[in-house]
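J.: when you get a sec, could you give me coordinates for this:
(2 chains)
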Amino acid sequence: SQTIHQWPATLVQPVGSPLSLECTVEGTSNPNLYWYRQAAGRGLQLLFYSVGIGQISSEVPQNLSASRPQDRQFILSSKKLLLSDSGFYLCAWTQSGTGNNSPLHFGNGTRLTVT
Amino acid sequence: QKEVEQNSGPLSVPEGAIASLNCTYSDRGSQSFFWYRQYSGKSPELIMSIYSNGDKEDGRFTAQLNKASQYVSLLIRDSQPSDSATYLCAGGNNRLAFGKGNQVVVIP
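T.: The predicted structure follows:
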């Protein structure tokens, strides 16, 4: 069966510091991978998605970036965090080649607090 | 207009009652719809998928899809305190969109 791992679970970082969140998927090949953010009391915001190694699409312009160095690894980064980057970051995957017919499966999330 | 909308406020239901949640969508090309449950501080968990008009039942959950009216609903029968959570509706054509969610509180 497929599993998705996301770490760390919680993170407190000062403004201006860098960020690196990592996500890996097991039990499937060439998944579609996603990074979402959920701010307090707000809906899920899609940040990035990837359909393959090195292929990244950005949904919202911001000071975050994403990379996919390996088939089942997805990394969210920032060079300098802002207060507004605080939130609950969720990695998710879907089966490739299924379009929107396949549901998203989420990792456990990382709660980021920027102080 | 947002792609997927959940407009109802928090829903309080007594234990054992039916909780009813609604969701509307704007893109008529949307084919697939999903309901997720999200406990406070946790990530969303898929509970139902529905792809065709009509009802789909899974245990105490029933999802209903009406493509002509562009709405999706979720019924939770015999509500339990463990059903207290936020429920997210998702659907879309080119990209899966999420509603903001409806909080359900089941009162023992």
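J.: tell me the SS of the residue most central in space within chain A?
T.: Among the residues of chain A, the one closest to the centroid is residue A:35, at 2.7 Å (Cα atoms, centre = their mean). Following DSSP: H, G, I helix; E, B strand; the rest coil, residue A:35 is assigned to strand.
J.: what's near enough to touch residue 33?
T.: Just so you know, I chose chain A. A:23, A:25, A:49-50, A:68, A:74, A:91-93 (Cβ atoms under 8 Å, 6 or more residues apart in numbering or on different chains). All C-beta spots, glycine's among them, are computed from the backbone N, C-alpha and C.
J.: try again with chain B
T.: B:23, B:25, B:49-51, B:63, B:65, B:72, B:89-91.
J.: buried members of those into ChimeraX, please.
T.: In ChimeraX, this line selects whichever of those come out buried by 16 or more other Cβ atoms under 10 Å in any protein chain shown:
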select /B:23,25,49,50,63,65,72,89,90,91
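J.: still on that earlier bit, narrow the contacts of residue A:33 to those in strands?
T.: Judged by DSSP state E, the subset of the contacts of residue A:33 located in strands is A:23, A:25, A:49-50, A:68, A:74, A:91-93.
J.: show me which residues of chain A are close to chain B?
T.: A:42-44, A:46, A:90, A:99-109, A:111 (Cβ under 8 Å from any Cβ of the partner chain).
J.: can you select the buried ones from the residues you listed in PyMOL?
T.: A single PyMOL command selects the buried members of the residues of chain A next to chain B (16+ other Cβ under 10 Å):
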select buried, chain A and resi 43+44+46+90+99+100+102+103+104+105+106+107+109+111
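J.: which members of the residues of chain A next to chain B occur in strands, if any?
T.: A:44, A:46, A:90, A:105-106, A:111.
J.: so can I have JSON lines of those residues showing pLDDT?
T.: Output for these, formatted as JSON lines (pLDDT from 0 to 100):
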{"residue": "A:44", "pLDDT": "92"}
{"residue": "A:46", "pLDDT": "92"}
{"residue": "A:90", "pLDDT": "97"}
{"residue": "A:105", "pLDDT": "95"}
{"residue": "A:106", "pLDDT": "97"}
{"residue": "A:111", "pLDDT": "96"}
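J.: which one of the contacts of residue B:33 is nearest to residue B:15?
T.: Closest approach to residue B:15 among the contacts of residue B:33 (Cβ to Cβ): residue B:63, at 21.8 Å.
J.: the closest one belongs to a strand?
T.: Yes: judged by three-state DSSP, residue B:63 forms part of a strand.
J.: so it makes contact with residue B:55?
T.: Yes: Residue B:63 is within contact range of residue B:55, at 7.1 Å (criterion: Cβ atoms under 8 Å).
J.: I'd say residue B:10 and residue B:107 touch.
T.: No: using Cβ under 8 Å, residue B:10 is not in contact with residue B:107, being 11.7 Å away.
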